[in-house]
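Engineer: Could you look at this predicted model? Sequence included:
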Amino acid sequence: QVQLAESGGGLVQAGGSLRLSCAASGRTFTTYTMGWFRQAPGKEREFVAGITWSGSGSRYRDSVKGRFTISRDTAKSTVYLQMDSLKPEDTAVYYCAADPDGYMLSDPKPWDYWGQGTQVNVSS
């Protein structure tokens, strides 16, 4: 069992930066693939970025490549999402997720564990 808690959201102007954190608890965190999803009002939840349990592999949705960076600190049981050059279309609730099977799929359904989400608002 893994519990996830996001933090770091807020209001930022376009072009600005935010760093989201996801603190995980549970003995098997180190073996889970971790990811970030987001959901804007009236839209489906979408994959943003994922990272393998070792941290050696990562994947991003096309619209955030070159602007967002996912990382993990196993010693702190924390996953980060560094978001730079933010755009108004990045506005959404951002969720941290864990996948014990390691497939890192874009479909949110196979991801077993979720945090409560943190709101990110980017003003133009």
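Structural biologist: Yep, it's here.
Engineer: what residue ranges in the chain score low on pLDDT?
Structural biologist: Applying pLDDT under 70 to the chain picks out residues 27.
Engineer: Ignoring the adjacent residues along the chain, who's closest to the residue nearest to the spatial centre of the chain?
Structural biologist: Nearest to the mean C-alpha position of the chain, by C-alpha atoms, centre = their mean, lies Trp36 at 2.1 Å. Distances taken as C-beta to C-beta, 6 or more residues apart in numbering place Val48 nearest to Trp36, at 4.4 Å, with adjacent residues excluded. Quick note: C-beta positions are derived from backbone N, CA and C, even for glycine.
Engineer: The one you found reaches Ala97, doesn't it?
Structural biologist: No. Contact criterion C-beta atoms under 8 Å: Val48 and Ala97 do not qualify, at 10.0 Å.
Engineer: Spell out which residues are contacts of both of those two.
Structural biologist: Listed as contacting both Val48 and Ala97 by C-beta atoms under 8 Å, 6 or more residues apart in numbering are Gly35, Trp36, Phe37.
Engineer: tell me the contacts of the closest residue to Gly9 other than its chain neighbours?
Structural biologist: Leaving out its chain neighbours, the residue that sits closest to Gly9 by C-beta to C-beta, 6+ apart is Thr118, at 3.4 Å. By C-beta under 8 Å, 6+ apart, the contact list for Thr118 reads Glu6, Ser7, Gly8, Gly9, Leu20, Val93, Tyr94.
Engineer: ok, now how distant is Thr118 from Val93?
Structural biologist: 7 Å (C-beta to C-beta, to the nearest Å).
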